[in-house]
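Peer 1: based on what follows, work out the 3D shape:
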Amino acid sequence: MGSLKSLAQGFLVATGLIWIFNIASLIRAGDAWLGLTYALILLIPVSSITYLKLKNTNLKTAAGTAEKWRNLLFSFQGVALAFWMFDIATTFYAINVTGLAVELNPLGWPLGILGASAYYAPTLVFAYILLFKMKESIAFYASIPLTLITLGMGVMNLMAAAQNFQVFVDTAMLATGIQYGLLSLIITVNLTVPFALKRTVTQSKAVLP
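Peer 2: Next up, the predicted model:
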């Protein structure tokens, strides 16, 4: 479970940073209403995670230094996966939705996804084995260059995705009739989620002996 948590944390942190970049890009050069909508959507997971962190009073066993480093290295696999998913999403928009871009990969689109997945899938498994199944120091040190190469691949995906997202910035706009309704819906969700979490946490504590 520790490895899965590390992977998820890396993925979520990278996704949050990407989302902030998207908000800034939309407000600066795109549709400010859409940027505001993105910002309010981001508040939903942020407020939920913050509330759960503040309410989590369970004592946790402190992880050893070696375990912390292993978890940190594995979390970068999640970062790279988030960058790759961002690239896939923006490529789909640029090619399938707007038709303003073409896939440079010789495999074409969407078969070009197979090229990256052929690297990320075995690398993820190999990193897991090196970090959590093999306890020798040499395995840990071998995972460091593997992680750096994976991050390099992820950064290339991120750069390609940033270029694709510029197409979204230039073309995506919210119609006036949709703006207020969508904002009202998101604000309602932002107000409802904390109350729902509070009720869930209260009921869970009541069930515990």
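
Peer 1: count of residues packed around Val193?
Peer 2: 16 (other Cβ atoms under 10 Å). To be clear about C-beta, it is placed using only N, CA and C from the backbone, and glycine gets the same treatment.

Peer 1: in this structure, where's the longest helix?
Peer 2: helix 137-171 (DSSP state H).

Peer 1: and that helix, what does it pack onto?
Peer 2: helix 2-29, helix 65-92, helix 112-128 (3 or more Cβ pairs under 8 Å, 6 or more residues apart in numbering; DSSP states H and E).

Peer 1: angle of the second one against helix 2-29?
Peer 2: With axes from the mean of the first three to the mean of the last three Cα atoms, to 10 degrees applied, the angle from helix 65-92 to helix 2-29 works out at 40 degrees.

Peer 1: out of the helices and strands packed on helix 137-171, nearest to Phe195?
Peer 2: When these are compared by Cβ to Cβ, helix 2-29 sits nearest Phe195, at 22.8 Å.

Peer 1: got the angle for that closest one vs helix 137-171?
Peer 2: Going by the same axes, to 10 degrees, helix 2-29 makes 30 degrees with helix 137-171.

Peer 1: report the buried residues of helix 2-29.
Peer 2: 3, 6-7, 9-12, 14-15, 18-19, 22-23, 25-27 (16 or more other Cβ atoms under 10 Å).

Peer 1: ok, now which ones touch Arg199?
Peer 2: If you count contacts by Cβ atoms under 8 Å, 6 or more residues apart in numbering, Arg199 has none.

Peer 1: quick one: which helix or strand includes it?
Peer 2: Assigned by DSSP states H and E, Arg199 belongs to helix 176-207.

Peer 1: average pLDDT for the longest helix of the chain?
Peer 2: Averaged across helix 137-171, the pLDDT comes to 90.

Peer 1: show me how far that helix is from its chain's centre.
Peer 2: 12 Å (Cα atoms, centre = their mean, to the nearest Å).

Peer 1: and for stretch 64-76?
Peer 2: Mean-position distance between stretch 64-76 and its chain equals 19 Å (Cα atoms, centre = their mean).

Peer 1: and for it, what's in contact with it?
Peer 2: So stretch 64-76 is contacted by 2-3, 5-7, 9-10, 13, 63, 127-128, 131-132, 140, 143-144, 147, 150-151 (Cβ under 8 Å, 6+ apart).

Peer 1: would you agree Leu124 is in contact with Gln77?
Peer 2: Yes. If you go by Cβ atoms under 8 Å, Leu124 and Gln77 touch, sitting 5.4 Å apart.

Peer 1: comparing these two, which residue is more hemmed in?
Peer 2: Neighbours per residue (other Cβ under 10 Å) separate Leu124 from Gln77, with Gln77 holding more: 27 against 17.
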